[in-house]
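[1] Got a sequence here, can you build the structure:
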Amino acid sequence: MASLVTRTAWQRALPLACCCKIYVSVNPSSNAEALEKIEAAARSQPEAPLLHVFEDHEYSRVGYTLAGSLLQGFGRESGRLLPPLQIAVTEAVEAALESLDFRQHCGSHPRLGAVDHISLHPLGGVALQDVAPTARAIAQAIGSNFKVPVFLYGAAHATGRPLDELRRALGYFKTINEQGLWTGSSSSSFPSEMQPDFGPGMQTAKTGVVIVGACPWIMNFNVPLLSQDLAAARRIARKLSFRGGGLPQVQAMALRHGETEIEIACNLLDCRVSDPELVQREIVRLAATENIEAKQGYTTGFTEDEVLKAAWDKLSSSILSFPNP
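    Predicted coordinates for the structure are as follows:
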């Protein structure tokens, strides 16, 4: 039965399975037409279904989650056989770059481009090295076809550089003002030691840059604080993050989220080491030292198992045909 999904069943059906998340810098409240075009493009390949869309109006950021096989043979582009997931992601990126203007963007979540981040994650026991070539192929297509600088990270990059290291080098974590707002960059050049892996050596203000990577599963977990004290929230985030001596495998930022709250936005790099429950307890403890109340946190997308099940449910009726395990 489709509801009884197992990793073994997934591997038997789609031996090279992958999830892709696309993060777009857009205000959902004022860009309905652009979002319709992006979502339509993301749904272009039935064999790489769009599983989830997360709109964050406060952050002016939308995340799309797709999944599918990395096997070639389903999708066609210019007479070449390509994985459907690669085609769907590339078409969604094209729709976003055509519809959005990074110069007009402003929000409380940092970003480097109109299409800010694309991450690929292996599913169901698939090896990370099997996902990396598709990440590089997507990056190359973006750089070549759309003339946008693309930087690689994780297994997609020759040195395996981490995402946070790349973002730090490109100025991702530098706020524009004391209110904690980021705006589209007007800079056309990169630091002298940074050159894109694909695409032109200069960025345009309209598109910015795109970051593409392949890495193990990451969970996004945000905890709202009932406070407008950004400095105190940043202290909490710094103490929580493993880089500041906090919980292992946790990255954290303090971001304004609306007029009355600040969120501790976390990347959980390994939930087996630091899960949402542990992170929630630690944020509550740290917030109490600042006389701030922490609300219950939430995830911004599916868990890995939820992605597996959602993909199974969408794909099993059309392309899967084998006995129950």
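
[2] any low-confidence regions in the protein?
    Residue ranges of the chain with pLDDT under 70: 1-16, 72-80, 175-178, 183-189, 317-325.

[3] Surely residue 199 is in contact with residue 145?
    No - contact criterion Cβ atoms under 8 Å: residue 199 and residue 145 do not qualify, at 9.5 Å. For the C-beta atoms, the positions are set from N, CA and C on the backbone; glycine is no exception.

[4] of the two, who's got more company?
    residue 199 (22 against 13; other Cβ atoms under 10 Å).

[5] mind checking which helix or strand the closest residue in space to that one that isn't next to it in sequence is in?
    Among residues not flanking residue 199 along the chain, residue 143 sits closest, at 2.9 Å (Cβ to Cβ, 6 or more residues apart in numbering). Under the criterion of DSSP states H and E, residue 143 resides in helix 128-146.

[6] can you list the residues that contact that helix?
    Applying Cβ atoms under 8 Å, 6 or more residues apart in numbering, the contact partners of helix 128-146 are 16, 18, 70, 82-83, 85-86, 89-90, 93-94, 97, 115, 118, 120-122, 148-150, 152, 154-156, 196-200, 207, 210, 212-216.

[7] Drop anything exposed from those residues.
    Buried subset of the contacts of helix 128-146 (neighbour count, 16 or more other Cβ atoms under 10 Å): 16, 18, 70, 82-83, 85-86, 89-90, 93-94, 97, 115, 118, 120-122, 148-150, 152, 154-156, 196-199, 207, 210, 212-215.

[8] Inside helices: which ones of these?
    The helices, defined by DSSP state H, take in 85, 86, 89, 90, 93, 94, 97 from those.

[9] which one of the residues you listed is nearest residue 313?
    residue 85 (16.9 Å; Cβ to Cβ).

[10] Give me the buried positions along stretch 243-262.
    By neighbour count on 16+ other Cβ under 10 Å, the buried set for stretch 243-262 is 246, 247, 250, 251, 252, 253, 254, 255, 256, 257, 261, 262.

[11] Now do the end-to-end distance for that stretch.
    Here the two ends of stretch 243-262 are set 21 Å apart, with distance taken as Cα to Cα, to the nearest Å.

[12] Show me how far that stretch is from its chain's centre.
    Between the centre of stretch 243-262 and the centre of its chain there are 17 Å (Cα atoms, centre = their mean, to the nearest Å).

[13] again, but for stretch 143-159
    Worked out by Cα atoms, centre = their mean, stretch 143-159 lies 15 Å from the chain centre.

[14] so residue 243 sits in a helix?
    Yes - judged by DSSP: H, G, I helix; E, B strand; the rest coil, residue 243 forms part of a helix.

[15] is it true that it touches residue 251?
    Yes - contact status for residue 243 versus residue 251: in contact at 7.1 Å, counting by Cβ under 8 Å.

[16] Surely residue 66 is within a strand?
    Yes - counting by three-state DSSP, residue 66 is found in a strand.

[17] what's across from it in the sheet?
    When bridges are called by DSSP bridges, residue 66 pairs up with residue 20, residue 50.

[18] What residues does it make contact with?
    Per Cβ under 8 Å, 6+ apart, neighbours of residue 66: 19, 20, 21, 22, 42, 48, 49, 50, 51, 85, 88, 89.

[19] which non-adjacent residue is nearest the third one?
    Closest residue to residue 21 apart from its sequence neighbours, by Cβ to Cβ, 6+ apart: residue 119 at 4.9 Å.

[20] So that neighbour is in contact with residue 216, correct?
    No - taking contacts as Cβ under 8 Å, residue 119 lies outside contact range of residue 216: 10.3 Å.
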